[in-house]
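Enquirer: 3D, please:
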Amino acid sequence: MKRKLLNVKEIPPSCSYCIYGRLSPDGECILCIKKGVMRTDSSCRKFKYNPLNRRPKEKPLIPEMDEKEFEL
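Expert: So this is what the prediction gives:
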């Protein structure tokens, strides 16, 4: 099965995965070269997508199954 690539135009702009933004040491805001300190969910006109800054969502934990659940 071929995996679809993500179209850059479909990605909503966010400072957290912009070329110019870096995560601050406290992890609560973005340090932007162009605009200064920004919130993680904000964006500006200078936004350029950087796929290496994007963090994938964590996989949900699968609950443990008991043998009783599979008995008839």
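
Enquirer: mind listing what residue 18 touches?
Expert: 30, 32, 43, 46, 47, 48, 49, 50, 53 (CB atoms under 8 Å, 6 or more residues apart in numbering). Quick note: C-beta positions are derived from backbone N, CA and C, even for glycine.

Enquirer: figure out the helix or strand that the first one lives in.
Expert: Under the assignment given by DSSP states H and E, the secondary-structure element containing residue 30 is strand 29-32.

Enquirer: who's in contact with the nearest residue to residue 53 once chain neighbours are set aside?
Expert: Nearest residue to residue 53 in three dimensions, chain neighbours excluded: residue 17, at 4.1 Å (CB to CB, 6 or more residues apart in numbering). Going by CB under 8 Å, 6+ apart, residue 17 touches 11, 49, 50, 51, 53, 54, 55.

Enquirer: so what's the backbone phi/psi at the third one?
Expert: The one in question is residue 50. When read as degrees, to the nearest 10, the backbone of residue 50 gives phi -130, psi 110.

Enquirer: for it, give its distance to residue 16.
Expert: 10 Å (CB to CB, to the nearest Å).

Enquirer: in this structure, which spans are strands?
Expert: 21-23, 29-32, 36-39 (DSSP state E).

Enquirer: so which elements touch the second one?
Expert: Spelled out, that is strand 29-32. strand 21-23, strand 36-39 (3 or more CB pairs under 8 Å, 6 or more residues apart in numbering; DSSP states H and E).

Enquirer: what strands line up against that strand, and which way round?
Expert: Within its sheet, strand 29-32 is paired with strand 21-23 (antiparallel), strand 36-39 (antiparallel), according to DSSP bridges.

Enquirer: buried residues, the first one. List them.
Expert: If I follow you right, that is strand 21-23. residue 21 (16 or more other CB atoms under 10 Å).

Enquirer: same check, this time on the last one
Expert: Of the residues in strand 36-39, those buried by neighbour count under the rule 16+ other CB under 10 Å are residue 38.
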